[in-house]
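# Return a 3D structure for these sequence lines:
(one chain, ligands or ions: 2)
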Amino acid sequence: MLSVCDVHSRYGRIEVLHGISLEVAQGEVVVVIGANGAGKTTLMRAISGVQAISSGDMTFDGKALAGVPAHRRVGLGVSQVPEGRQIFGPLSVEDNLRLGAWSRRPQDVTDAARLDWVFDAFPVLKQRRHLQAGGLSGGQQQMLAIGRAMMSQPKLLLLDEPSMGLAPLIVAHIFATLRELKRTGMTMLLVEQNANAALALADRAYVLETGKIELDGPAHAIAADPRVREAYLGR
Ligand SMILES: Nc1ncnc2c1ncn2[C@@H]1O[C@H](COP(=O)(O)OP(=O)(O)OP(=O)(O)O)[C@@H](O)[C@H]1O
Ligand SMILES: [Mg+2]
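Ligands and ions are numbered 1, 2, ... in the order given. Alright, predicted model coming up:
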């Protein structure tokens with residue numbers, strides 16, 4: 001479904017992605033684990049189209065992504081849950097969700113049906129639909145950010161550190177929801193520093209270190225790799 005081939009990206013004169021290649025097949029959950037500053041967010045933003053790449057190729061559903069602006073990638077079925085959630089605090093929960101349907105596909109599904117899908121996944125958002133999003137707890141704001149991305153009916157959901165800054169119990173809840181989404185067939189590419197939870201969810205994993213993929217394989221094999229256990233799993 002997604003193919004990233006030898007992608008380089010830079011901030012000014014500093015290159016931070018040094019030739020990244022990865023694949024995500026339909027129905028797969030793929031995780032990229034990596035430490036602080038490894039380039040995870042840059043990679044996600046390159047795929048969603050808000051970060052320029054200096055060389056390399058990306059295709060989605062067989063279509064080249066070069067020159068396709070971010071909002072049109074949403075239209076193709078790529079939707080990103082950004083790092084730090086970036087919800088609109090003064091707006092209501094429901095209005096935040098409706099914004100996610102703006103570049104939506106397919107057009108035949110109504111906003112009401114999309115909202116029902118999100119409210120099924122996150123009942124707490126339904127209870128709070130008319131409240132200001134800024135008043136939600138951190139975990140609820142993360143659910144809202146995921147729900148907003150779901151509103152475009154994506155084929156591929158990109159998630160940038162959904163566990164960031166959340167208490168362990170809330171992280172477990174977020175990952176339980178992602179597991180449920182996976183069960184319904186949602187294809188996901190996830191970047192995480194929380195390697196434990198992410199590797200337990202994923203089918204396959206890549207390890208990103210300072211802008212390069214150093215290791216990849218089935219998630220269970222990556223979780224068992226001594227280098228990963230030492231560097232990312234605290235064992
Ligand atoms: N806007 C920017 N301008 C210049 N350098 C940047 C910018 N954003 C990120 N960088 C640098 O690029 C590198 C990769 O950053 P990136 O945010 O992609 O990493 P990350 O893996 O997402 O880190 P984190 O775990 O902190 O979210 C880092 O060295 C960072 O300092
Ligand atoms: Mg990041």
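# For this protein, what lies in contact range of ligand 1?
Residues of the chain lying near ligand 1 by Cβ under 6 Å from any ligand atom: 11, 16, 34, 36-42, 83, 193. The C-beta positions use only the backbone N, C-alpha and C, and glycine is treated the same way.
# so the residue of the chain found nearest ligand 2 is in which element?
Closest approach between the chain and ligand 2, counting by Cβ to the ion: residue 41, at 3.1 Å. Following DSSP states H and E, one finds residue 41 within helix 40-48.
# So for residue 111, what's the nearest residue that isn't a sequence neighbour?
residue 101 (5.4 Å; Cβ to Cβ, 6 or more residues apart in numbering).
# do residue 124 as well
residue 140 (5.9 Å).
# same check, this time on residue 167
Nearest residue to residue 167, sequence neighbours excluded (Cβ to Cβ, 6+ apart): residue 139, at 7.6 Å.
# Contacts for the helix or strand containing the one you found, please.
Applying DSSP H and E as the criterion places residue 139 in helix 138-150. Helix 138-150 is touched from outside by 79-82, 85-87, 93, 96-97, 99-100, 114, 117-118, 121-122, 124-125, 128, 133, 136, 157-159, 162, 165-167, 170, 173-174, 177-178, 181, with contacts defined as Cβ atoms under 8 Å, 6 or more residues apart in numbering.
# Contacts only, for the spatially most central residue of the chain.
For the chain, the residue nearest the mean C-alpha position is residue 159 (1.4 Å; Cα atoms, centre = their mean). Shown in contact with residue 159 (Cβ under 8 Å, 6+ apart): 80-81, 146, 178, 188-191.
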